[in-house]
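Participant: sequence unavailable; structure follows:
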């Protein structure tokens, strides 16, 4: 039997721990930004690359699909390889994909660059979470984990705004050309300073689990994303992909439960034996459904189709909320270190549900200032929830399950975002007038009502968050 990876927080953290975390956060921000930065460029890409809009959409869908396939494997990767090796591989892949995309002569090469980018991106957030859990003592972990809020929530929110500005002045290739030197700088700094003491273990890679994970999470995310698209033909019917994904996931779960008895599971599901982690997941799923589906999808649709706001102006309209979400990260994390999760998560859930129901009252004559104000309220509520939930959930785990817990959280966040998009966009389309080219005010109001119900589900789940933090207990093998 080989030794477990020693992932306990090091009381004598490296003197450059702050620099290491800053490099990881900066790298992850740039990488996650690329999830949504192309969303405003799809129309230009259809012209420049001579492809239909449904084909160009794969530049975003392919990125998300690759993320969904790779993230579940990160638990194994972080057990098997050192943080330094994982970081260098991640940044090298991302840099190579970025350069390939910037120089792409046609759609096929550009799509390949996006897939390579996503393969590197998928590993970074779990690596960041696990590194913070290792380097930072529990009494200061909340404030540090708050920085991850900037990466997970703000970067995707800023993507369309930054993309629109770059597209207006320079063209779509510069979306990659400006990012490439930043990625290379992060790679050089990481290669120089990212040296953490760690003990790896030679875990065999279960290829069957990898394939089941790819079919399960990839099929589910593809199907949900396809359902959420406004139209177009798909090589695989969305419902068939969802069914295949669910079946594969069922088999995947059964296999992991069997493999974890001998401590060789690809994704160790013993993380769910810890009640705080399970509660954090149950609350985070509706939270991310609303963050992606309602805030990033429904709200821009409302601004553009109902209020007639331009694409760039709609990106600016959601910018204040995105900034509020990012600015709350560290202060909320510091409060978590003092008072625990419940006093923060419960008010945040009330604010989130309230904002979603306020969105349902908007109509064709609503002032833009009111929309911005409600969005700020929504982002403030989400900001009170995200950092405490992640820190509470991961902090409840034994040290050897940190990497698997972060992989589970990251995977379910991707799936929840796709699920929220699929549900809300479908409801908006069904609630709109027959023959409408895009969801109208009535359809969007109905979708916001459904989002409000999802917000109430998050509120109910939040009532199970514990009042005080406790040290993690051993998990039975």
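Facilitator: Okay, I see it. Note that this is a predicted model, so its numbers are computed, not measured.
Participant: for this protein, what spans make up the strands?
Facilitator: Using DSSP state E, no strands are found in the chain.
Participant: lowest average confidence, helix or strand, in it?
Facilitator: Least confident helix or strand, the chain: helix 53-56 with a mean of 69, by mean pLDDT, DSSP states H and E.
Participant: so who does residue 334 touch?
Facilitator: Applying Cβ atoms under 8 Å, 6 or more residues apart in numbering to residue 334 gives the contacts 142, 143, 146. No exception for glycine: its C-beta is placed from N, CA and C like everyone else's.
Participant: can you rerun that using 6 Å?
Facilitator: residue 143 (Cβ atoms under 6 Å, 6 or more residues apart in numbering).
Participant: now swap in residue 375 and tell me
Facilitator: 318, 321.
Participant: what is the neighbour count of residue 132?
Facilitator: Using other Cβ atoms under 10 Å, residue 132 has 25 other residues around it.
Participant: stretch 100-116: end-to-end distance?
Facilitator: 9 Å (Cα to Cα, to the nearest Å).
Participant: quick one: mean pLDDT over it.
Facilitator: Taken as a whole, stretch 100-116 carries a mean pLDDT of 91.
Participant: tell me the buried residues in that stretch?
Facilitator: Judged by neighbour count (16 or more other Cβ atoms under 10 Å), stretch 100-116 contains these buried residues: 100, 101, 102, 104, 107, 110, 111, 113, 114, 115, 116.
Participant: what does the closest residue to residue 260 other than its chain neighbours show for phi and psi?
Facilitator: Spatial nearest neighbour of residue 260, excluding adjacent residues (Cβ to Cβ, 6 or more residues apart in numbering): residue 268 at 5.2 Å. Backbone geometry at residue 268, expressed as degrees, to the nearest 10, gives phi -70, psi 110.
Participant: give the contact list for residue 268.
Facilitator: Neighbour list for residue 268: 260, 401, 404 [criterion: Cβ under 6 Å, 6+ apart].
Participant: the last one and residue 299: what is the separation?
Facilitator: Here the distance between residue 404 and residue 299 works out to 34 Å (Cβ to Cβ, to the nearest Å).
Participant: more neighbours: which of these two?
Facilitator: Using other Cβ under 10 Å, the more surrounded residue of residue 404 and residue 299 is residue 404, with 27 against 24.
Participant: residue 164 contacts residue 317, doesn't it?
Facilitator: No - applying Cβ atoms under 6 Å, one finds residue 164 not in contact with residue 317, separated by 11.9 Å.
Participant: give the contact list for residue 38.
Facilitator: Per Cβ under 6 Å, 6+ apart, neighbours of residue 38: 59, 60.
Participant: let me know the pLDDT of it.
Facilitator: pLDDT, residue 38: 74.
Participant: residue 442 versus the nearest residue to residue 125 once chain neighbours are set aside, what's the distance?
Facilitator: Distance criterion Cβ to Cβ, 6+ apart; nearest residue to residue 125, sequence neighbours excluded, is residue 410 at 5.2 Å. Distance from residue 410 to residue 442, counting by Cβ to Cβ: 36 Å.
Participant: what about those two, which has more around it?
Facilitator: residue 410 (24 against 16).
Participant: do I have it right that that one meets residue 126?
Facilitator: Yes - between residue 410 and residue 126 there is a contact under Cβ under 6 Å: 5.3 Å.
Participant: low-scoring pLDDT stretches of the stretch 51-200 of the chain, where are they?
Facilitator: 53-54, 150, 153, 157, 160, 196-200 (pLDDT under 70).
Participant: report the residue ranges of every domain in this structure.
Facilitator: The chain breaks down into these domains under automatic domain parsing: 15-202, 206-265, 274-477.
Participant: chain neighbours aside, what residue packs nearest to residue 464?
Facilitator: residue 279 (4.8 Å).
Participant: run a quick neighbour tally on that neighbour.
Facilitator: Neighbours of residue 279 under the rule other Cβ under 10 Å: 22.
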